[in-house]
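Trainee: build me a model from this:
(chains A, B and C)
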Amino acid sequence: MEVVHPKFRPDPGLSRAEMEALQREIGHEAVFEDDLAPLPDSPLVVGVDQAFPDEQAVSAIVAMRDGEVIERTSAVTDLSIPYIPGLLSFREGESILAAFETLECEPDLALFDGSGRIHYREAGLATHMGVALDLPSVGVAKSLLCGRLSNPPEEPFAEGTRVPILANGRVEVEEGNVLGYAVQTRQYDGGSRYINPLYVSPGHRVGPETAAGLAEAHCAGYKLPEPIRRADAYAGELASEARQ
DNA sequence: GCGACAG
DNA sequence: ATCTTGTCGC
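Mentor: Okay, the predicted model is just below:
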């Protein structure tokens, strides 16, 4: 598929101020409510993840429908900037879009490994990529970048627990807005081992509740949604090959 | 200066 | 994210 808005392509050569300005533009362009073409009964969903052998970024995309892998693709680029909290999409975005440009199928939805609206300027990786591609997207992060949990129930969170993430002082959004949800997609029964929740947020054209529901709905017995889990494994394979 | 900090 | 062995629990 193609990049619908080239002006939002992540350019690692921009200054930090320019990157942040672009993110504010992207956050403004993003739609944080349901605006999906009515999802088909069997939506085509892609999972996206990266691995970093040496100074390169390997982006892998796995497309699934009804639990079956339909297509896999990937792209490799050199990394030009370090990881900076809040600017992740400028480090990894080029290889992700390059991989999407080799994707032959037309997905209904993309699940990313990282934040969407849970971001200082409402423009996390999932939002940046979703807006550039104009593709409904969801951010699935394993840790919280910013924002705070609302009404956290007593831990450990049971499987199925969903806690709102609210904007706090670190986010350029009115305090108290719902940015996403902490979603406990998996949990052990006993109390000896504990699994942390996922932090799910809208990327583009999806509301926070729908984002949480979609992430949850695509889990198949593991903490991560299956398309992301497969993309993670695929990126890992490609990375280990690249290192040899 | 101190704390926070997706991947 | 990445560098890595053992170890705990079902």
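Trainee: use CA for all of it now, contacts and neighbours both
Mentor: Fine.
Trainee: specify the beta-bridge partners of the residue in chain A that DNA strand C sits nearest to.
Mentor: Across chain A, the shortest distance to DNA strand C (CA to the nearest atom of the strand) belongs to residue A:51, at 3.5 Å. Here residue A:51 sits in beta bridges with residue A:58, going by DSSP bridges.
Trainee: residues contacting it?
Mentor: By CA atoms under 8 Å, 6 or more residues apart in numbering, the residues touching residue A:51 are A:57-59, A:232, A:235-236, A:239.
Trainee: ok, now residue A:222?
Mentor: By CA under 8 Å, 6+ apart, the contact set of residue A:222 is A:185-186.
Trainee: over to it. Which of the three states is it?
Mentor: coil (DSSP: H, G, I helix; E, B strand; the rest coil).
Trainee: quick one: stretch A:151-170 near DNA strand B?
Mentor: No: shown here: stretch A:151-170 not in contact with DNA strand B (CA under 7 Å from any atom of the strand), separated by at least 8.3 Å.
Trainee: distance between the ends of that stretch?
Mentor: The first residue of stretch A:151-170 is 19 Å away from its last residue (CA to CA, to the nearest Å).
Trainee: could you confirm whether that stretch reaches DNA strand C?
Mentor: No: shown here: stretch A:151-170 not in contact with DNA strand C (CA under 7 Å from any atom of the strand), separated by at least 14.8 Å.
Trainee: that stretch - what's its average pLDDT?
Mentor: Averaged across stretch A:151-170, the pLDDT comes to 90.
Trainee: quick one: buried residues of that stretch?
Mentor: Buried residues in stretch A:151-170, counted by 16 or more other CA atoms under 10 Å: A:156-159, A:161-168.
Trainee: distance from the chain centre to it, please.
Mentor: Distance of stretch A:151-170 from the chain centroid (CA atoms, centre = their mean, to the nearest Å) equals 19 Å.
Trainee: got the contact list for that stretch?
Mentor: A:120, A:146-150, A:173-187, A:191, A:194, A:197.
Trainee: which residues sit in contact with the residue nearest to residue A:93 when sequence neighbours are not counted?
Mentor: With sequence-adjacent residues excluded and distances taken as CA to CA, 6 or more residues apart in numbering, residue A:93 is closest to residue A:10, at 5.9 Å. Neighbour list for residue A:10: A:89-90, A:93-94 [criterion: CA under 8 Å, 6+ apart].
Trainee: mind putting those residues into JSON lines with pLDDT, secondary structure and neighbour count?
Mentor: Output for the contacts of residue A:10, formatted as JSON lines (pLDDT from 0 to 100; DSSP: H, G, I helix; E, B strand; the rest coil; neighbours: other CA atoms under 10 Å):
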{"residue": "A:89", "pLDDT": "98", "secondary structure": "helix", "neighbour count": "28"}
{"residue": "A:90", "pLDDT": "98", "secondary structure": "helix", "neighbour count": "24"}
{"residue": "A:93", "pLDDT": "98", "secondary structure": "helix", "neighbour count": "23"}
{"residue": "A:94", "pLDDT": "98", "secondary structure": "helix", "neighbour count": "23"}
